[in-house]
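In: A predicted structure for the sequence below; I have some questions about it.
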Amino acid sequence: MTGRRGTRWERLARGNGDRPTDRIAAAGLWALSLLYGAALGLHHAGYRLGLARRTRLAAHVVSIGNLTVGGTGKTTAAMAVAKWVAQQGKRVAILSRGYRGAGESKSVLVSEGAGPLVDPEQAGDEAYLMAESLRGVGVLVGKDRRRTGRLAVEQLGAEVLVLDDGFQYQRLEKDLEIVLVDALAPFGYDFLVPRGMLREPPTHLARADSVWLTHSDLLRAADLAAIRARIEELAPDARIWEARHAPTRLRPLGGKAEEQCPEALRGRTVVAVSSIGNPTAFERTLEQAGAVVLGRARFPDHHRYRAEDLRGVAFGEAASAEWIVTTPKDAVRLPGECFDRPAWVLEVDLAPRAGRRSLAEELEWLLRARVEV
């Protein structure tokens, strides 16, 4: 059981494949990345030359996105921004593509601000998680964010729209572009997909108004400084905020036990279960919280869990683990009491790396300066 990272693909992306077949595969992926890059260049040229036009909606638009595939923390960031805007007394809605939900083919109103109106299959796991977690924030899914944006303005009275995974979405005029860079894999091994993890060349980071360097607490200071220096070179006009994913609570999967503080993980033996873009960061967060990770059950991103998947989670040394711990996104797709031992969901919030500006201070500066919130 493994996610995208740790697979043969990642070894090729890192340039670690040493067999003749690895070299052939890497060459094939490189050729495909050239085709992808050419198509991407034409796409951007269309907007640059005025052949394609962006739509301006009757609301401020804040985009949360990234340069790479994989987990940088976009959903956590989008929720944090939307929550802060709502606390300022503004009507806000999140626009998500709704990966693997009905929104990939049509527009769906997932929440008006009082909880989910549809199930996870219709919403997609991330949008359902947002609707379940946020009050006073609308959530809509749909591939055409122009359409869902209009629905949010007309039906919900939204004054601010937050685009979840919006950096590559060019059809809307944006007031603020926040780009997340994962400190553990910041520049996608310097190749476009599928040869590497980049969705756009690093030079496109120049479009960002603000760069949030996530998982910054999981690197050595010297490595972090080198990444920050490259970001400053690529995006000289952008603000940089060094962030970490801070555990806030443990809630039971299935909801039948009392919530616990993250400190309850200290010294506890666990199996980490995840189907996210960056399982390494989740596992290292558990270890930083003091857990002893005996097993790592990694599934592909957005995996639809089956009974046979879950029966084999704890095996070998992990058979003695006291707890199963998973992520909020996985909890949407995991039935309660599906394991043979207590199972917990680790909730996290974005927080600054030690000594840096708080999230509230960063958002106040960005949104008051650029979005007039």
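Out: Nice, I can see it.
In: Counting by contacts, list what the helix or strand where residue 162 lies packs against.
Out: According to DSSP states H and E, residue 162 maps onto strand 160-164. Strand 160-164 sits against strand 60-66, helix 74-87, strand 92-96, helix 125-133, helix 145-156, with contacts defined as 3 or more CB pairs under 8 Å, 6 or more residues apart in numbering; DSSP states H and E. All C-beta atoms are positioned from the backbone trio N, CA, C, and that covers glycine.
In: looking at these, which is closest to residue 234?
Out: strand 60-66 (13.7 Å; CB to CB).
In: Next, the angle from that closest one to helix 145-156.
Out: For strand 60-66 against helix 145-156, the angle by axes from the mean of the first three to the mean of the last three CA atoms, to 10 degrees is 130 degrees.
In: Run through the neighbouring helices and strands of strand 60-66.
Out: Strand 60-66 packs on helix 74-87, strand 160-164, strand 176-182, going by 3+ CB pairs under 8 Å, 6+ apart.
In: now that strand, how far from the chain's geometric center?
Out: Offset of strand 60-66 from its chain centre (CA atoms, centre = their mean, to the nearest Å): 13 Å.
In: which residues touch stretch 208-218?
Out: Residues outside stretch 208-218 that contact it (CB atoms under 8 Å, 6 or more residues apart in numbering): 72-73, 77, 167, 176-184, 186, 205, 224, 227-228, 231, 235, 237-245, 278, 281, 284-285, 288, 350, 353-354, 362, 366, 370.
In: switch the cut-off to 7 Å
Out: Residues outside stretch 208-218 that contact it (CB atoms under 7 Å, 6 or more residues apart in numbering): 72-73, 77, 176-184, 205, 224, 227-228, 231, 235, 238-245, 281, 284, 353, 366, 370.
In: do stretch 288-300 as well
Out: Stretch 288-300 is contacted from outside by 1-4, 6, 247, 262, 265-275, 279, 283, 286-287, 309, 313-314, 317-318, 320-321, using CB under 7 Å, 6+ apart.
In: Buried members of the residues you listed into ChimeraX, please.
Out: This is how ChimeraX selects the buried members of the contacts of stretch 288-300, with burial counted by 16 or more other CB atoms under 10 Å:
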select :3,4,247,262,265,268,270,271,272,273,274,275,279,283,286,309,313,314,318,321
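In: Residue 192 is in contact with residue 31, isn't it?
Out: No: applying CB atoms under 7 Å, one finds residue 192 not in contact with residue 31, separated by 11.3 Å.
In: Of those two, give the one with the bigger neighbour count.
Out: Under the neighbour definition other CB atoms under 10 Å, residue 192 and residue 31 were set side by side, and residue 192 has more, 23 against 12.
In: What is the burial count for the closest residue to that one other than its chain neighbours?
Out: Nearest non-adjacent residue to residue 192, counting by CB to CB, 6 or more residues apart in numbering: residue 33, 4.2 Å away. Residues within reach of residue 33, counting by other CB under 10 Å, total 17.
In: If anything else comes up later, I'll come back, but that's it for now.
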